[in-house]
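1. What would the 3D arrangement of this be:
(2 chains)
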There are 2 protein chains.
Amino acid sequence: MQIVGELINASRKSVGQAIKAQEAETIKKLARDQYEHGAHYIDINAGIFVGKEKEYMEWLIKLVQEVVDIPCCIDSPDPVVVESALKLSRNGRPMVNSISLEKDRFDNLLPIVAEHKCKVVALCMSDEGMPETANDRFAIAEKLVNILVQKNVSPDDIYVDPLVQPISTNKIYGVEFLNSIEMIMTRLEGVHTICGMSNISYGLPKRALLNRAFAVMSVLKGLDTAIMNPLDANMMANIIIAETLAGKDEFCMNFLEAYRANRLDI
Amino acid sequence: MQIVGELINASRKSVGQAIKAQEAETIKKLARDQYEHGAHYIDINAGIFVGKEKEYMEWLIKLVQEVVDIPCCIDSPDPVVVESALKLSRNGRPMVNSISLEKDRFDNLLPIVAEHKCKVVALCMSDEGMPETANDRFAIAEKLVNILVQKNVSPDDIYVDPLVQPISTNKIYGVEFLNSIEMIMTRLEGVHTICGMSNISYGLPKRALLNRAFAVMSVLKGLDTAIMNPLDANMMANIIIAETLAGKDEFCMNFLEAYRANRLDI
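-> Residues are numbered from 1 along each chain as shown, chains lettered A, B, ... in the order given. Coordinates of the predicted model:
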C-alpha cells in the first residue's frame, strides 16, 4: 500500500493556525513524523486561505522538501496554485490531487498535468454530481482515464479516487464503493486506486472502528493507495494485516517484519 | 450473522477436564455465557473421548438444554453419536457438524440427516483431501448440496464450510477461501456458509488481529454463520461493523443498537 500522509491540511485547526502564524517548525515536524511512520507522499492543502492559497502552498512545499525526500501531493483544484507548486517540486515526481470530470476543473488542470508529466488523482466526480453506484463511478473513471492516457499520461501515474460516501446515508454506499474499486482495478489496466477512508463513518459513533474495517475490505478489493494519517498505528497495522490476508505478502514476510518492529502492537 | 458458540469442545483442556470430572456447573456456565453473549447455537464436541464419546455427548446435550433454549450443534463424525444426540435434542432444530464428501462419513451420515430433517454443516472435504482453490471448494460444495437437496434437505438447512487453511502455508489461501464463499453464496441458491476463522492465522503471531480482519473480509464476501467464541467482544464487534459496511444493516440500526449497549467498546 502506498500511503499519502494527510496531516498537512489547513482545514485541520492546528495546522491552519500554524500556517497563518508561519510556524515553520510545526509544519516540518508534521512532514518528518509522517515520513518516519511510512508515508510515501506528503499531501499539502492550503485551500481554506482564499486569496493566499498560492503563497502558503509555496511556503509549505519548500518547508516540507527541506526535511523529507519523498514527493508532495499538491492538494488544490486551482490551476494557478497547482502549476506554481509543481514548478517548486524537487523530490521525485509529485502528485496532483485532483482532476475530475467537472468541466472547469478538468479543462483547467488537464493541460498542466499533461505538460508536467506528474502523477494525478482522478476523482470520480462530474457536473452531474457524486456518483452513487459502482457502475456510475466506473463510467466516470473510464472516461477520465481514457482522456488522460490520450494526453500521454501513463496509466501507472493515474490514481482513481471513486469517492467514499457515508454508510449512514445509504446502506449500499460501502458495497458500491468497494465494487467500483474492484471494477477499476480489473478493467482499467495499470491504473491505481486511492481514497480517504474516513467519509464512510461520517455521522456515526466509533468512527475509527468503522474506518479500519472499511480499509481492510478496500485492500481485499484491490485498493493500493490510501490518503490517511500514517501516525494512526492501528490503521497502519490493519492495512499490513489486510494485505497479508489478501494474498499480497509472499511468505508473510511483510507481516512478520512489522511484527518484529512492534508495529502490530496495537 | 448467526453465531455457533464453540466453547464446549473437549479438545479445550479445561473443558475436557470438566467433562471427565462430570462438573455439570462448568458446562452449564459455558452454555449460559455463550447464549447471553449472542450465540444462536451451542456446539458440543466430545470427540477426544474414544469409546466414551456417545455417553459424554448425551450428558452434555442434556445439561446444555437445561439452561438455554437455543439448539445444539452436534459436532461429531460418528453416526452413532450423532443419532443418539439428535434423539435427545429438544431445543429448536439441531445442527449436525458435519457431513463431507469423504465416502465413509458421507454414507454414514446422509441417511441420518435426511431422516431427522436437521440442519447440517457440509464440509468441503473429499477423499482426495482438502481443496486448495475456490473452484475446487465450489465443486465439492455443489456436489454435496445437490445430493442433500435430492434427499429433501432444504437449502436453507445446509451450511457449507469451505474450510479455512493457514495463510502462512500459502499466500493465496485467504483469497481462495474468500472467493469460494462468494461463489457458494451467489451460485448455490438459498444455502448458508459457515466457518471457524482461526485456522487462517495458524503458525503466525498476533493471531487475534489476523482472525478479526479475516472475519471482516468474510462478511463482505457473504459469510452468514460463524463458529466462534461469542465471548470475544472484539470479534463480535468487528462482525457487527462488517455487516453494517457490507450493506446488511438498514439505517445502521444494528450498529447503533450495539453502540448503545456498549458492545462496541473494544
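
2. For the stretch 51-200 of chain A, which segments count as helices?
-> A:53-67, A:79-88, A:103-116, A:134-150, A:173-187 (DSSP state H, counting those that start in this stretch).

3. Show me the one of those that comes nearest chain B.
-> Closest approach to chain B among the helices of the stretch 51-200 of chain A (Cβ to the nearest Cβ): helix A:173-187, 4.3 Å. In this view, the C-beta of every residue, glycine as well, is placed from N, C-alpha and C.

4. residues in contact with the closest one?
-> A:124, A:132-135, A:137-138, A:141-142, A:160, A:162-167, A:191, A:193, A:195, A:200, A:214, A:217-218, A:221-224, B:220, B:244-247 (Cβ atoms under 8 Å, 6 or more residues apart in numbering or on different chains).

5. Out of those, which end up buried?
-> Neighbour counting by 16 or more other Cβ atoms under 10 Å in any protein chain shown classes A:124, A:132, A:134, A:137-138, A:141-142, A:160, A:162-167, A:191, A:193, A:195, A:200, A:214, A:217-218, A:221-224, B:220, B:244-247 among the contacts of helix A:173-187 as buried.

6. List the ones among those that fall in strands.
-> The strands in this structure, assigned by DSSP state E, contain A:V160, A:T193, A:C195 from these.

7. Is it correct that the first one is in contact with A:L188?
-> Yes: here A:V160 reaches A:L188: they are 7.2 Å apart, a contact under Cβ atoms under 8 Å.

8. any shared contact partners between the two?
-> A:A141, A:V145.

9. Quick check: residues of chain A near chain B?
-> Counting by Cβ under 8 Å from any Cβ of the partner chain, chain A comes close to chain B at A:167-168, A:171-172, A:174-175, A:178, A:200, A:204-206, A:209-210, A:213-214, A:216-217, A:220, A:237-238, A:241-242, A:244-252, A:255-256, A:259, A:264, A:266.

10. Only the buried subset of these, as a ChimeraX command please.
-> Buried residues within the residues of chain A next to chain B, by 16+ other Cβ under 10 Å, are selected in ChimeraX with:
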select /A:167,168,171,172,174,175,178,200,204,206,209,210,213,214,216,217,220,237,238,241,242,244,245,246,247,248,249,252,255,256,259,264
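
11. Check chain A and tell me which residue is nearest its centre.
-> The structure's chain A has its C-alpha centroid closest to A:I227; by Cα atoms, centre = their mean the separation is 3.5 Å.

12. From chain B, how far out is that residue?
-> 19 Å (Cβ to the nearest Cβ, to the nearest Å).

13. Quick check: that residue is in a strand.
-> Yes: counting by DSSP: H, G, I helix; E, B strand; the rest coil, A:I227 is located in a strand.

14. Please give the number of neighbouring residues around A:G203.
-> 11 (other Cβ atoms under 10 Å in any protein chain shown).

15. Now that we're looking at the residue nearest to it when sequence neighbours are not counted, what pLDDT does it have?
-> Excluding the flanking residues, the one nearest A:G203 by Cβ to Cβ, 6 or more residues apart in numbering or on different chains is A:S168, at 3.9 Å. The pLDDT attached to A:S168 in the predicted structure is 97.

16. Could you measure from A:S168 over to A:I48?
-> A:S168 sits 25 Å away from A:I48, taking Cβ to Cβ, to the nearest Å as the criterion.

17. Show the end-to-end separation of stretch A:244-252, please.
-> 6 Å (Cα to Cα, to the nearest Å).

18. Point out where the stretch 51-200 of chain A drops to low pLDDT.
-> Within the stretch 51-200 of chain A, no stretch has pLDDT under 70.

19. Nearest residue to A:V216 in space, please, no chain neighbours.
-> Closest to A:V216 by Cβ to Cβ, 6+ apart is A:A242, at 4.3 Å.

20. Please look at the one you found and A:L220 and confirm they touch.
-> Yes: between A:A242 and A:L220 there is a contact at 6.5 Å, judged by Cβ under 8 Å.

21. So for the two, which residues contact both of them?
-> B:M217.

22. For burial, what's the neighbour tally of the nearest residue to A:R207 once chain neighbours are set aside?
-> Distances taken as Cβ to Cβ, 6+ apart put A:S201 closest to A:R207, at 3.9 Å, once the chain neighbours are dropped. Applying other Cβ under 10 Å, we find 25 residues neighbouring A:S201.

23. nearest residue to A:E142 other than its sequence neighbours?
-> Using Cβ to Cβ, 6+ apart, the closest residue to A:E142 is A:L188 (6.5 Å).

24. Then A:K248?
-> Nearest to A:K248 is B:K171, by Cβ to Cβ, 6+ apart, at 7.5 Å.

25. dump the residue contacts of that neighbour.
-> A:T244, A:G247, A:K248, A:D249, A:E250, A:F251, A:C252.

26. domain parsing for chain A?
-> For chain A, automatic domain parsing gives the domain ranges A:1-92, A:101-210+A:223-229, A:232-266.

27. any idea how far A:E257 is from A:V164?
-> Taking Cβ to Cβ, one finds A:V164 at 29 Å from A:E257.

28. before we move on, back to that, just checking, the residue nearest to the centre of chain A touches A:E6?
-> Yes: using Cβ under 8 Å, A:I227 is in contact with A:E6, at 5.1 Å.

29. Show me whatever sits in contact with both of those two.
-> What both A:I227 and A:E6 touch, as defined by Cβ under 8 Å, 6+ apart, is the set A:D43, A:G196.

30. returning to that earlier point: enumerate every residue touching the residue nearest to A:R207.
-> A:S201 sits in contact with A:P166, A:I167, A:S168, A:R207, A:A208, A:L210, A:N211, A:F214, where contact means Cβ under 8 Å, 6+ apart.

31. again, but for A:E83
-> A:I112, A:H116.

32. do A:A24 as well
-> Taking Cβ under 8 Å, 6+ apart, one finds A:L63 in contact with A:A24.

33. For it, report the pLDDT, please.
-> 98.

34. measure it to B:V67 for me?
-> 67 Å.

35. if we can go back for a sec, measure the residue nearest to A:K248 to A:N254 for me?
-> 11 Å.

36. A:L210 should be in a helix, yeah?
-> Yes: assignment of A:L210 by three-state DSSP places it within a helix.

37. Determine how far the last residue of stretch A:91-111 lies from the first.
-> 22 Å.

38. Kindly apply the preceding question to stretch A:199-214 instead.
-> 10 Å.

39. Could you double-check that A:N97 sits in contact with A:D43?
-> Yes: counting by Cβ under 8 Å, A:N97 does reach A:D43; the two are 6.5 Å apart.

40. So these two - more neighbours on which side?
-> Ranked by neighbour count (other Cβ under 10 Å), A:N97 and A:D43 place A:N97 first, with 26 against 23.
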